[in-house]
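> Sharing a model that was predicted from the sequence below.
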Amino acid sequence: MSEQNQNEKETVEAKPAKISLQEAMKRKLAEKKQAQAQANNPANQKAKNQTVKSQHTKKPNNQRRRTGV
């Protein structure tokens, strides 16, 4: 029976306690700040600064020439 009581205690401890709205907002703000700090990391800057390829380098559509229109 002692094993069963221990299992019941573990399930009670595993349930998250209710938190106030103020505490929830603080946690969410902390997560947001952390995400912004990671976004400003110099390792991630290379991916942000990629130049857009010019569309003038695309192969022209030669459908009119092929169809004779």
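Looks like it came in fine.
> where are the low-confidence patches of the chain?
Counting by pLDDT under 70, the chain contains low-confidence ranges at 1-15, 42-50, 55.
> The same query, at a cut-off of 80, please.
1-16, 39-60, 68-69 (pLDDT under 80).
> measure Val69 to Asn62 for me?
Taking Cβ to Cβ, to the nearest Å as the measure, Val69 and Asn62 are separated by 11 Å. (Each C-beta comes from the backbone N, C-alpha and C, glycine too.)
> max-length helix in this protein?
Longest helix in the chain, counting residues (DSSP state H): helix 21-39.
> For that helix, list the C-alpha coordinates in CSV.
The C-alpha coordinates for helix 21-39 follow below in CSV (Å, rounded to 0.1, in the frame of the first residue of the first chain):
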residue,chain,number,x,y,z
LEU,A,21,-2.5,36.7,-14.4
GLN,A,22,0.3,39.0,-13.4
GLU,A,23,2.7,36.1,-13.0
ALA,A,24,1.6,34.7,-16.3
MET,A,25,2.2,38.0,-18.0
LYS,A,26,5.7,38.3,-16.4
ARG,A,27,6.6,34.8,-17.7
LYS,A,28,5.3,35.6,-21.2
LEU,A,29,7.3,38.8,-21.3
ALA,A,30,10.5,37.0,-20.2
GLU,A,31,10.0,34.4,-23.0
LYS,A,32,9.5,37.2,-25.5
LYS,A,33,12.6,39.1,-24.4
GLN,A,34,14.6,35.9,-24.6
ALA,A,35,13.4,35.2,-28.1
GLN,A,36,14.3,38.7,-29.2
ALA,A,37,17.8,38.3,-27.7
GLN,A,38,18.3,35.1,-29.7
ALA,A,39,17.0,36.8,-32.8
